[in-house]
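> Need a 3D model of the sequence below.
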Amino acid sequence: MVAFLDAVMAGQFFKHQETLEEVLRFVDAPDENGVPYYYGLAMEKYVLPGGIEIIGHAGTTAGFASIVYYLPAQKMTVSMVINTQDLASVYFKVLLPVLEALKPANLS
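A predicted model of the protein is given here:
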């Protein structure tokens, strides 16, 4: 998942740059958790506490949740799969503490 998203974000996936630009054209899509959220063509963008921007996607199936997000300012991609269908627990119980732990590496 990381290699795929890295290729997309580096402009290596689509034949035409305009396609990537269209994919990354986001519209405001308010999230029930109050986190700034935007949606593009099969891509999500969140602005997390501390102004950390993440672009990618998440999903669930049969007892699992997965995410893959690119952090543009940090030029880093994170991915995880956990045994739950609750995406809120992925974001707020797992992802945010991981990003918080990375702050000494100048994430924010």
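
> And the helices in the protein?
Taking DSSP state H as the test, the helices found in the chain are 2-9, 17-23, 87-89, 96-101.

> Would you mind checking which helix or strand in the chain has the lowest mean pLDDT?
Across the helices and strands of the chain, the lowest-confidence element by mean pLDDT, DSSP states H and E is helix 87-89, at a mean of 70.

> out of the helices of the chain, deepest packed?
Among the helices of the chain, ranked by average contacts under mean count of other CB atoms under 10 Å, first place goes to helix 2-9 (a mean of 16). Using the backbone N, CA and C atoms, a C-beta is placed for each residue, glycine as well.

> Provide the contact partners of that one at residue level.
For helix 2-9, the surrounding residues in contact (CB atoms under 8 Å, 6 or more residues apart in numbering) are 13-14, 20, 23, 55-56, 68-70, 72, 77-79.

> what's the answer for stretch 44-56, then?
5, 9, 24, 26, 31, 35-39, 43, 57-58, 67-73, 77-78, 91, 96, 99, 103, 107-108.

> what distance separates the start and the end of it?
Its start and end residues considered, stretch 44-56 measures 5 Å (CA to CA, to the nearest Å).

> buried residues in stretch 37-57?
By neighbour count on 16 or more other CB atoms under 10 Å, the buried set for stretch 37-57 is 37-38, 40, 43-46, 48, 52-56.

> between the helices of the chain, which gets nearest to G63?
For those, the distance to G63 is smallest for helix 87-89, at 12.6 Å, taking CB to CB.

> what sits against the spatially closest residue to L95 that is not a sequence neighbour?
Nearest residue to L95, sequence neighbours excluded (CB to CB, 6 or more residues apart in numbering): I67, at 6.7 Å. For I67, the contacting residues are G56, H57, A58, V78, S79, M80, V90, Y91, L95, by CB under 8 Å, 6+ apart.

> on that earlier part again, columns distance to G63 and pLDDT on top of the buried residues of stretch 37-57, output as JSON lines?
Shown next, in JSON lines, are the buried residues of stretch 37-57 (distance: CB to CB, whole Å; pLDDT from 0 to 100):
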{"residue": "Y37", "distance to G63": "25", "pLDDT": "86"}
{"residue": "Y38", "distance to G63": "28", "pLDDT": "92"}
{"residue": "G40", "distance to G63": "28", "pLDDT": "92"}
{"residue": "M43", "distance to G63": "25", "pLDDT": "94"}
{"residue": "E44", "distance to G63": "22", "pLDDT": "93"}
{"residue": "K45", "distance to G63": "27", "pLDDT": "93"}
{"residue": "Y46", "distance to G63": "24", "pLDDT": "87"}
{"residue": "L48", "distance to G63": "26", "pLDDT": "80"}
{"residue": "I52", "distance to G63": "28", "pLDDT": "83"}
{"residue": "E53", "distance to G63": "30", "pLDDT": "89"}
{"residue": "I54", "distance to G63": "24", "pLDDT": "91"}
{"residue": "I55", "distance to G63": "26", "pLDDT": "95"}
{"residue": "G56", "distance to G63": "21", "pLDDT": "95"}
